[in-house]
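1. How does the following fold in three dimensions:
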Amino acid sequence: MRGWGGVIYPPIVMPAQAGICRGSARGGDEVQGTPSTDRNERPILPPVRDYRSCTIRSIVPKNSALREVAWNYAVAGRVHGNSIMKREDQSMSNDQNESDDGIVLTPEIYRAARRDFHKLVNHVVSRSVEIGGSKSEGGREYWWSILLAKIALSSMTLDKLVPQIGTGKSRQLWDLGSVATLVRVLAENYLMLVWLCVQSEDKAVWDYRITALTIAENRARYRLTAEIEGEAEPEAFVNAQRALAGQLSQMPIFQSLPAGQAKQILRGDKMPFIQDDVIGGLDIDKLQFRRFYRYLSAFVHTGPISFMRVEQQKRGQGEYSSYEGRAIWSAMAIAIIILEAVVSDFDDKWPAPTNVRRPPRLNPVEKR
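-> Next up, the predicted model:
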């Protein structure tokens, strides 16, 4: 591929593992393979079924420098964990910023939200570190650890992006688009966590949801790696989906669904749940959440809201503006609500231990 200025770029190649599941029926072994030109040879398998031997995942990288970063968050999380839900009384300063919609933001209010968000990130990372390396008792624990690690990592990245002070004196980069994107990622991860892990204590519910999600994952992976427009679906894929559909058809929960919804789930074209099914655990009105989610989505998809009024709103150049200050503060507020819910749900499932085991340091050979 020849790019701008005559530079030669390598062809775009999807990762070999994009079409391969993370586990096998043996219970947690990685299914390895190499890309194949024959779509029928691609392994199209469901995720692990025997989760009792799976290793709980955590946000503890192997790289020594990144491991220290994760550990620093974890230690801070244990220090602040007991007071994480408390709010400090804030006084309104003379340096106020009031918008047309009545939102009043002061440097003190922004700083308090920034501090609360950082403490919550610490706590989420600490909980992920604490459970890492243990063996799961079942599928809920295994996938809970996967999603918690995703939430912890996105939160740490967001913690690096959100400016520390919300005034014109800030010398940090103000990037509303990136902050909005990551906050929406947090929201989606939490909604999936609730639907798949928090609400599935009943075995019948768990069996239905993991099977329906597997059908959707198989469909998405097939589209990513094997689908060719105009050609029939490969036999291995059809057989895998048909077997899962047969399992679903025997489940009372699936049998109770409207015909149209059941057909969509069997096809795997859409996620098997909607936002309203799971946002009840958040301390926020459904309509308010939906509206702000749409606002965040405009930045993810480069909708017109994300760029068509940057001149009037005096934003989009990486510097502080009153609009970006209020928008990022609001995004932090949503992130705080989400992380508080994550902490609450997780602490109900895994009570916090009395101490944190420090991740082992790499030896000198590994450091090199």
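2. residues near the residue nearest to residue 148 when sequence neighbours are not counted, how many?
-> Among residues not flanking residue 148 along the chain, residue 128 sits closest, at 5.1 Å (Cβ to Cβ, 6 or more residues apart in numbering). (Each C-beta comes from the backbone N, C-alpha and C, glycine too.) Neighbour count of residue 128, defined by other Cβ atoms under 10 Å: 27.
3. Quick one: list the elements packing against the helix or strand hosting residue 128.
-> Here residue 128, judged by DSSP states H and E, is contained in helix 107-131. Judged by 3 or more Cβ pairs under 8 Å, 6 or more residues apart in numbering; DSSP states H and E, helix 107-131 is in contact with helix 64-80, helix 139-161, helix 322-349.
4. and it with helix 322-349, angle?
-> Angle of helix 107-131 versus helix 322-349, following axes from the mean of the first three to the mean of the last three Cα atoms, to 10 degrees, is 30 degrees.
5. Give the buried residues for helix 107-131.
-> Buried residues in helix 107-131, counted by 16 or more other Cβ atoms under 10 Å: 107-111, 113-114, 116-131.
6. the inter-axis angle of that helix versus helix 139-161?
-> Using the same axes, to 10 degrees, the direction of helix 107-131 lies 140 degrees away from that of helix 139-161.
7. re earlier: would you mind confirming that the residue nearest to residue 148 is in contact with residue 152?
-> Yes - the pair residue 128 / residue 152 is scored as a contact, 4.5 Å apart, by Cβ atoms under 8 Å.
8. neighbours of residue 224, just the number please.
-> Residue 224 has 12 neighbours, counted by other Cβ under 10 Å.
9. Could I get the buried residue list for the helix or strand hosting it?
-> According to DSSP H and E, residue 224 maps onto helix 203-225. Residues of helix 203-225 classed as buried: 206-216, 218-219, 221-222, 225 (neighbour count, 16+ other Cβ under 10 Å).
10. and what of stretch 340-352?
-> 340-343, 345-346, 349-350, 352.
11. Could you export the residues you listed as JSON lines, including distance to residue 141 and pLDDT?
-> Listed next are the buried residues of stretch 340-352 as JSON lines, based on distance: Cβ to Cβ, whole Å; pLDDT from 0 to 100:
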{"residue": "340", "distance to residue 141": "22", "pLDDT": "92"}
{"residue": "341", "distance to residue 141": "19", "pLDDT": "90"}
{"residue": "342", "distance to residue 141": "15", "pLDDT": "91"}
{"residue": "343", "distance to residue 141": "17", "pLDDT": "90"}
{"residue": "345", "distance to residue 141": "13", "pLDDT": "88"}
{"residue": "346", "distance to residue 141": "11", "pLDDT": "87"}
{"residue": "349", "distance to residue 141": "8", "pLDDT": "80"}
{"residue": "350", "distance to residue 141": "9", "pLDDT": "75"}
{"residue": "352", "distance to residue 141": "16", "pLDDT": "60"}
